[in-house]
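Visitor: Show me how the following folds:
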Amino acid sequence: LALKGEALGLAMMIELPLVVVNVQRGGPSTGLPTKTEQSDLLQAMYGRNGESPVIVIAASTPANCFTYAYQAAKLALEHMTPVVLLTDGYIANGSAPWKIRKVEDLPEIKTRLVKEGKEDWHPYNRDEITLARDWAVPGTPGLEHRV
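Guide: Model prediction:
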């Protein structure tokens, strides 16, 4: 995570929907790279230059990892922002029974996709309630822009 702080700050600035999964462990300098830790919390919350806040959520059991990963993707896509999902080695290597949900039962992900041919689109248009920007799929003819 230490090596990705600058990229996360850039993703926040350009409003790039992105999910980073951080399975925390002891760093290689400790000599225990397989030891589980939860020491990246403050770095996930504040480890970027300037004011570049991102959403940080943490899974607490192996059974809720899927739910939290889906929620992270939903938040990233609906609010056009990076999301960091924290777990640790015990959760990553653990197991628990859980019922796989049907796709129809998952909460809808409501993106603000711009359709090709929309004349009045600008990359800075915002939703008045969520303040999320409209999203033109990269490469859509007529909707190209540079960040």
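
Visitor: what secondary structure does the spatially closest residue to Glu6 that is not a sequence neighbour sit in?
Guide: Excluding its sequence neighbours, the residue lying closest to Glu6 (C-beta to C-beta, 6 or more residues apart in numbering) is Asn49, at 6.9 Å. Quick note: C-beta positions are derived from backbone N, CA and C, even for glycine. Classification of Asn49 using DSSP: H, G, I helix; E, B strand; the rest coil returns coil.

Visitor: Now stretch 109-117: buried residues?
Guide: Arg112, Val114 (16 or more other C-beta atoms under 10 Å).

Visitor: now it, how far from the centre of its chain.
Guide: 19 Å (C-alpha atoms, centre = their mean, to the nearest Å).

Visitor: For that stretch, measure first residue to last.
Guide: Stretch 109-117 stretches 23 Å from its first residue to its last (C-alpha to C-alpha, to the nearest Å).

Visitor: cool, and stretch 120-140?
Guide: Criterion C-alpha to C-alpha; first-to-last residue distance in stretch 120-140 is 15 Å.

Visitor: Contact partners for the nearest residue to Met13 once chain neighbours are set aside?
Guide: Nearest residue to Met13 in three dimensions, chain neighbours excluded: Ser52, at 6.6 Å (C-beta to C-beta, 6+ apart). Taking C-beta atoms under 8 Å, 6 or more residues apart in numbering, we find Ser52 in contact with Leu8, Gly9, Met12, Met13.
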